[in-house]
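Asks: Model the structure of this input:
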Amino acid sequence: MEIAQEIRALKKARDTVILAHYYVEPEVQELADYVGDSFFLSKKAVELPQSTILFCGVSFMGESAKLLNPEKTVLMAEPAADCPMAHMADPRAVAELRRQDPDLAVVCYINSTAVLKACADVCVTSANAVDIVRALPQRRVLFLPDRNLARYVAAQVPEKEILLPNGFCPTHDRMLSDEVERLKALHPEALVLAHPECPQAVTDGADYVGSTSGILRFAAGSDAPAFIICTEHGVRHPLTRDNPGKAFYFP
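Replies: Model (predicted):
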């Protein structure tokens, strides 16, 4: 409690707002002024009056906040925190593909470095990727850097040719459909909610596929008593806090 009070006093004295991703530890989420997915936090950062943003997340999130707020100071609570997938594309390879096909549209997931974002025509989130790719005038689309999200978008937008990358989220990509099926056998009343960064075998068997915020909304609005959650374990905190009486199981 003393540490929490000290943090709140420092925050006020230094004109700082704390933004935290759903994936960080529950005690950090409780201290934050705003908690959300990377897109929500990027938007929120623009609206806030504080001169300093303290970001509790990974480096690309801090970069996004800085890109949108060049006049503000953006600090990372843990400078070493990083997302491997954010680096899993080569700007030189993107440039070569553009040279081969000048009409190619390059779409970049928000979960990427600023260097990679600079190579793209548009940046998207897991929540709006399908709608934006569908609305692009180009027929051929290079989607960076996550292969699972790109594959999911391709299935939803069959009229476009989606070039799949090699990148992946190490946490989501190692989820196995066998693990989900074992949980389903133990809890047959549970609905399966999956992030589109999961492999196709997992998303194909899900009752709902969507972004982190989408998963939270679905669980809150559903009458189901239990859910199997196929995403980062950090979302257990808001799920259990906001849905008393419901059960949540993780692969």
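Asks: The stretch 101-250 of the chain: helices as residue ranges?
Replies: 114-117, 129-135, 147-156, 170-173, 177-186, 200-204, 212-221, 236-242 (DSSP state H, counting those that start in this stretch).
Asks: how about those helices in CSV, adding mean pLDDT and distance to residue 43?
Replies: For every residue, glycine as well, the C-beta is placed using N, CA and C. Converted to CSV, the helices of the stretch 101-250 of the chain look like this (pLDDT from 0 to 100; distance: least, C-beta to C-beta, whole Å):
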stretch, mean pLDDT, distance to residue 43
helix 114-117, 94, 16
helix 129-135, 97, 16
helix 147-156, 96, 20
helix 170-173, 93, 23
helix 177-186, 97, 32
helix 200-204, 96, 26
helix 212-221, 95, 11
helix 236-242, 95, 18
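Asks: Tell me which of those helices lies nearest to residue 81.
Replies: For residue 81, the closest of the helices of the stretch 101-250 of the chain is helix 170-173, at 13.4 Å, according to C-beta to C-beta.
Asks: How many residues are close by residue 104?
Replies: Using other C-beta atoms under 10 Å, residue 104 has 18 neighbouring residues.
Asks: Tell me who's in contact with the closest residue to it other than its chain neighbours.
Replies: With sequence-adjacent residues excluded and distances taken as C-beta to C-beta, 6 or more residues apart in numbering, residue 104 is closest to residue 140, at 5.3 Å. Applying C-beta atoms under 8 Å, 6 or more residues apart in numbering to residue 140 gives the contacts 101, 103-105, 160-161, 163.
Asks: among these, which ones are buried?
Replies: The neighbour-count test (16 or more other C-beta atoms under 10 Å) marks 104-105, 160, 163 as buried among the contacts of residue 140.
Asks: what's around residue 76, how many residues?
Replies: Residue 76, neighbours per other C-beta under 10 Å, totals 19.
Asks: excluding its backbone neighbours, what's nearest it?
Replies: Nearest one to residue 76, counting by C-beta to C-beta, 6+ apart, is residue 62 at 4.8 Å.
Asks: go on, residue 68?
Replies: Using C-beta to C-beta, 6+ apart, the closest residue to residue 68 is residue 46 (5.1 Å).
Asks: now for the helix or strand in which that neighbour is found, which elements pack on it?
Replies: Assigned by DSSP states H and E, residue 46 belongs to helix 38-47. With contacts taken as 3 or more C-beta pairs under 8 Å, 6 or more residues apart in numbering; DSSP states H and E, helix 38-47 sits against strand 16-21, strand 34-36, helix 59-68.
Asks: got any ranges where this protein has weak pLDDT?
Replies: Within the chain, the stretches with pLDDT under 70 are 1.
Asks: which other helices and strands contact the helix ranked longest in it?
Replies: Longest among the helix segments of the chain by residue count, using DSSP state H, is helix 2-13. Applying 3+ C-beta pairs under 8 Å, 6+ apart, one finds that helix 2-13 contacts strand 16-21, helix 26-31.
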